[in-house]
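*Asks:* just the structure for this:
(2 chains)
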Amino acid sequence: MNHDAYPDSYIRGILNTVKTIAMVGFSPNTARPSYFAFKYLIERGFKVIPINPGHAGKEFLGQTCYATLSDVPEPIDMVDIFRAPQFVLPIVEEALKLTPKPQVIWLQLTIRNDEAAALAEAAGLKVVMDRCPKIEYGRLSSEISWMGINSRTLSNKRAQNLGGGFQRMGLGEGGKKT
Amino acid sequence: MADADRIPGFDTLAIHAGAKPDPTTGARATPIYQTASYVFDDVDHAASLFGLQAFGNIYTRIGNPTCAVLEERVAALEGGTAGLAVASGHAAQVIVMQTLLQPGDEFIASRKLYGGSINQFNHAFKSFGWNVVWADPDDISSFERAVSPKTKAIFVESIANPGGTVTDLEPIGAIARKAGVPFIVDNTLATPYLCKPIDFGADVVVHSLTKFLGGHGNSIGGIIIDAGTFNWSRDKKYPMLCEPRPEYAGIVLHETFGNFAFAIACRVLGLRDLGPALSPFNAFLISTGIETLPLRMQRHCDNALAVADFLSTHPAVAWVSYGGLAGDKYHGLAKKYVPKGCGAVMTVGLKGGYDAGVKLVSNVKLFSHLANIGDTKSLIIHPASTTHRQLSDEQKVKAGAGPDVVRLSIGIEDKADIIADLDQGLK
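*Replies:* This next block holds a predicted model:
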C-alpha cells in the first residue's frame, strides 16, 4: 500500500468492515483528540475499547478501559494508535500476537512508522497512517462537508442517514445501508 | 463514477463539488436552507456540537448547509483542504488577520492591491493594532527587507486590481516560508480557473465571491480557503491555533483538526465571535454562478485580450495596462501564472487626460458606469472622478488612478459590440 495517498475505496472498505476498535493511547481528558475520536466512533455504531494503563478498570462512556491490548477479553478488528511514532512498533508487535489477529492497524494524524507498517502488512493486516478515523468517517459519510471541509468526494447519490438523529450519516451510498 | 477513486477535472468540480443530492429530500439542486437554527437530536448531541466533538449544524452564523456547498466547492477548485464563506471579501480579510495577529503584530502587504483593501489595512486594521508594512511586488527583495520578528503574514493579490498586473507568487511564497509565516493570496481577479495560488506556495487563499466566482453582480460574499500546508504549531506564533482555547474547554485546534485547523479556527473563533456570516440565499446564487465559471472566465479573458489589443493601437489611448497583452511589462509573469488568460480587468490611459476619462464614461452605451468588477456585463469607472476623488493628483498617480486612467472590467457580451462601444465612446 502506498502510505502517502490512500484511495477512498481502501479507507471506506476498512470503516465498513471493522466493528470493534481498540484505542491505544486513549485519554479520558475530554479536550484531547483521542477522546473526540472515541466518543464520535461510539456514536457512529463502533465498539471502541479504551487502552491506557493509567486508567485500567475504569469505565468511559460505558466502555471498560484496559492496560494493554493483550488484556482485552474479546476479538479486536482494528487497533487505533494515539502514540508517538517511536512507541508504535511494540504496540504493533503485541497486536500481531493476539488471537485472532486484528485486521487493521491505524496510526493517527501526524503518526507514521514505516517499519511497524511493513511488519503488520507482512502479517496480512491492512495499515493506515497519518489519518484520523473520525475525520475519514466524516469525510466519506459527507458529515464533514457541513464544516466546509473538502471531502474530495463527488456523488450523484444522496448521503444516507444513519438513524438516531438528523445529523448522523452512514457510510452507505445509493440506498445501500451499512 | 465508474472508478470510485478517479480524480475529477476542474470543470466537473465546478458543477459537482460539495453538492450531492440533498440527504433528506433528494433535491438535486442545492436547497436554500433559509434557517437560523437546527434542532438537536438530544442533549448529548447538542453538547457534542458545541464542544466541536461532532460535525454538524448549530446556528447559521457558524455554519449552514447551503453555505457549506459553496465552501467545499471553492476549496475543491483551489485545491485546499477547507473553506469558510463569509459576508464579503473584506470580512474574509478581517477574519484571516484576526486569527493570525495580536495587537502590535505586523503583516507585509503588496502595494499593488485593490484600493478598498489598502484602505482597510491602513485604517481599520491599524485601529485593531494590526500594522501593515507595505512592499513592492516589482522589487521582491522589498518583502524580505520588510520581515521583522513581529511579522505574522504576507498578503498579495495574484492578479492585482486595477491594472491587470501579475504578481510573482513563488519567490514571495519562499520569503514567507523562510520567515515562518503564512503566505496569503487574494485570488479574486484570477479565480482558480486561471491560477491556483496553492500550487505556487500560498497557505491561505481569499476571495471576494462577488466578482468572477459569483459572476453575475448579484451577491456580495467572501471566502477563506485553507491550503492545509502551514505548520501552525512549529514556532508557537499563532495562539488561536496552537494553544488550548478557553472558548472550547482547552481544545488545541491544530492538534485536533490537523490540516484544516485554520479554516476551523476562522469559523469557530473568528466567524462565531465577529459575526459576518454569509446569507444562504447569496451562497445559493454564488454556487450556481460557479457552475459556469470555466466557460465564463475563458470568455472574459478572450474578450479582454481583444479589447486590450484594440485599445493599444487606438489614437486616443496613451497606454494599456493588461498582463495578457504581448509586450506588457507583466506578460512574462502572465504566461507563467495565468497561461489561459489574464482575466477581465485592465486600466487604460487616455491622451485627453481627466476630461477624456469623464467623457468616455459618459459616452458609453453598453458599458455600465459603476464600482464593481467581474460581472457578465462590461463595466467602466473613472477612478479620478469617483473612488479616488479625495486624493491629491500625486496620490492618484501613485495609486494607479491618475486623472487619465479608466478601469475596465470586460464582460462576456459579443466582443465586437464591446469594442464598438469603446470606439464610439472615444470619438
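
*Asks:* can you pull out the helices in chain A?
*Replies:* Assigned by DSSP state H, the helices in chain A fall at A:8-17, A:33-43, A:88-96, A:114-122, A:133-141.

*Asks:* sorry, wrong one. I was asking about the stretch 1-150 of chain B.
*Replies:* Counting by DSSP state H, counting those that start in this stretch, one finds helices in the stretch 1-150 of chain B at the ranges B:10-16, B:43-50, B:65-78, B:89-100, B:115-119, B:125-127, B:141-146.

*Asks:* how far away is the residue of chain A most remote from its centre from residue B:22?
*Replies:* Going by Cα atoms, centre = their mean, the residue of chain A most distant from its centre is residue A:156, 27.1 Å out. As judged by Cβ to Cβ, to the nearest Å, residue A:156 and residue B:22 stand 12 Å apart. C-beta: built from backbone N, CA, C; applies to glycine.

*Asks:* kindly report the same for residue B:373.
*Replies:* According to Cβ to Cβ, residue B:373 and residue B:22 sit 33 Å apart.

*Asks:* where in the chain is pLDDT low?
*Replies:* By default, I'm working from chain A. For chain A, residues meeting the criterion pLDDT under 70 lie at A:173-178.

*Asks:* try again with chain B
*Replies:* For chain B, the stretches with pLDDT under 70 are B:1-4.

*Asks:* could you break it into its assigned domains?
*Replies:* Domain ranges of chain B: B:10-290, B:294-425, per automatic domain parsing.

*Asks:* dump the ones you listed into CSV; add mean neighbour count as well.
*Replies:* As requested, these are arranged in CSV below (neighbours: other Cβ atoms under 10 Å in any protein chain shown):
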stretch, mean neighbour count
domain B:10-290, 21
domain B:294-425, 19
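
*Asks:* any chance of the ones you listed in a markdown table, plus distance to residue A:136?
*Replies:* A markdown table is the format used below for these (distance: least, Cβ to Cβ, whole Å):
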| stretch | distance to residue A:136 |
| --- | --- |
| domain B:10-290 | 11 |
| domain B:294-425 | 30 |
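
*Asks:* and stretch B:186-197, how far out from the chain's middle?
*Replies:* The chain centroid and the centroid of stretch B:186-197 are separated by 8 Å, computed with Cα atoms, centre = their mean, to the nearest Å.

*Asks:* ah, wrong one, I meant stretch A:147-162
*Replies:* Put simply, stretch A:147-162 sits 20 Å off its chain's centre (Cα atoms, centre = their mean).

*Asks:* list the buried residues for that stretch?
*Replies:* Buried residues in stretch A:147-162, counted by 16 or more other Cβ atoms under 10 Å in any protein chain shown: A:147-155, A:158-162.

*Asks:* list the contacts of whatever residue of the stretch 101-250 of chain B ends up closest to chain A.
*Replies:* Nearest to chain A, among the residues of the stretch 101-250 of chain B, is residue B:250, at 4.1 Å (Cβ to the nearest Cβ). Residues in contact with residue B:250 (Cβ atoms under 8 Å, 6 or more residues apart in numbering or on different chains) are A:31, B:244.

*Asks:* my guess is residue A:143 meets residue A:166, correct?
*Replies:* No. Residue A:143 sits out of contact with residue A:166 when judged by Cβ atoms under 8 Å, with a separation of 11.2 Å.

*Asks:* which one's more surrounded, the two?
*Replies:* residue A:143 (25 against 15; other Cβ atoms under 10 Å in any protein chain shown).

*Asks:* next, the contact list for that one, please.
*Replies:* Residue A:143 sits next to A:137, A:159, A:167, A:168, A:169, B:55, B:56 when contact means Cβ under 8 Å, 6+ apart.

*Asks:* now do the fifth one against chain B, distance only.
*Replies:* Okay, so that is residue A:169. Residue A:169 sits 7 Å away from chain B when distances are taken as Cβ to the nearest Cβ, to the nearest Å.

*Asks:* check the first one too.
*Replies:* Look at residue A:137 and chain B: by Cβ to the nearest Cβ, they are 9 Å apart.

*Asks:* how close does that residue sit to residue A:66?
*Replies:* Going from residue A:137 to residue A:66 by Cβ to Cβ gives 23 Å.

*Asks:* which stretches in chain A count as strands?
*Replies:* A:20-24, A:47-51, A:59-60, A:63-64, A:78-81, A:104-107, A:126-128, A:159-161, A:169-173 (DSSP state E).

*Asks:* I should have written chain B there, sorry.
*Replies:* With DSSP E as the criterion, chain B has strands spanning B:82-86, B:106-110, B:131-135, B:151-157, B:159-160, B:165-166, B:183-186, B:204-208, B:222-226, B:317-321, B:345-350, B:368-369, B:379-381, B:405-409.

*Asks:* send the alpha carbons of the first one over as PDB?
*Replies:* If I follow you right, that is strand B:82-86. Listed next in PDB are the C-alpha coordinates belonging to strand B:82-86 (Å, rounded to 0.1, in the frame of the first residue of the first chain):
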ATOM      1  CA  ALA B  82     -11.400  23.500   3.600                       C
ATOM      2  CA  GLY B  83     -13.300  26.800   3.100                       C
ATOM      3  CA  LEU B  84     -15.200  29.300   5.100                       C
ATOM      4  CA  ALA B  85     -17.700  31.600   3.300                       C
ATOM      5  CA  VAL B  86     -18.400  35.000   4.900                       C
END
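
*Asks:* pull the residues that contact it.
*Replies:* Contact with strand B:82-86 is made by A:147-150, B:67, B:70-75, B:92, B:95, B:209, B:221-226, B:228, B:260, B:262-264, B:266-267, B:270-271, B:276-278, B:283, as judged by Cβ under 8 Å, 6+ apart.

*Asks:* before we move on, what about the third one?
*Replies:* Counting contacts by Cβ under 8 Å, 6+ apart, the residues outside strand B:131-135 that touch it are B:104-111, B:121-122, B:125-126, B:142-143, B:145-146, B:148, B:150-151.

*Asks:* go on, stretch B:197-207?
*Replies:* Against stretch B:197-207 from outside (Cβ under 8 Å, 6+ apart): B:74, B:78-80, B:89, B:92-93, B:96, B:158, B:169-170, B:172-174, B:176-177, B:182-188, B:191, B:213, B:222-227, B:229-230, B:262, B:337.

*Asks:* what about 7 Å?
*Replies:* Stretch B:197-207 is contacted by residues B:74, B:78-80, B:89, B:92-93, B:96, B:158, B:169-170, B:173-174, B:177, B:182-188, B:213, B:222-227, B:229-230, B:262, B:337 when judged by Cβ atoms under 7 Å, 6 or more residues apart in numbering or on different chains.

*Asks:* and chain A, which of those reach it?
*Replies:* For chain A, the contacts drawn from those by Cβ under 7 Å from any Cβ of the partner chain are residue B:80.

*Asks:* leaving out chain neighbours, which residue sits closest to residue B:46?
*Replies:* If the residues on either side of it in the chain are set aside, residue B:46 comes closest to residue B:40, at 3.8 Å by Cβ to Cβ, 6 or more residues apart in numbering or on different chains.

*Asks:* that neighbour touches residue B:47, doesn't it?
*Replies:* No. Assessed by Cβ atoms under 7 Å, residue B:40 is found out of contact with residue B:47, at 8.8 Å.

*Asks:* around chain B, which positions in chain A sit nearby?
*Replies:* Counting by Cβ under 7 Å from any Cβ, chain A comes close to chain B at A:7-9, A:30-31, A:33, A:36, A:39-40, A:109, A:132, A:138, A:142-151, A:154-159, A:161, A:164-167, A:169.

*Asks:* residues in the stretch 1-150 of chain B within reach of chain A, list them.
*Replies:* Residues of the stretch 1-150 of chain B found near chain A (Cβ under 7 Å from any Cβ) are B:4-5, B:8, B:16-18, B:20-23, B:26, B:41, B:45, B:48, B:53-57, B:63, B:65, B:68, B:71-72, B:75-76, B:80-84.

*Asks:* switch to 6 Å and redo it
*Replies:* Within the stretch 1-150 of chain B, the positions adjacent to chain A are B:4-5, B:8, B:16, B:20-21, B:23, B:26, B:41, B:45, B:53, B:55-57, B:68, B:71-72, B:75-76, B:81-84 by Cβ under 6 Å from any Cβ of the partner chain.
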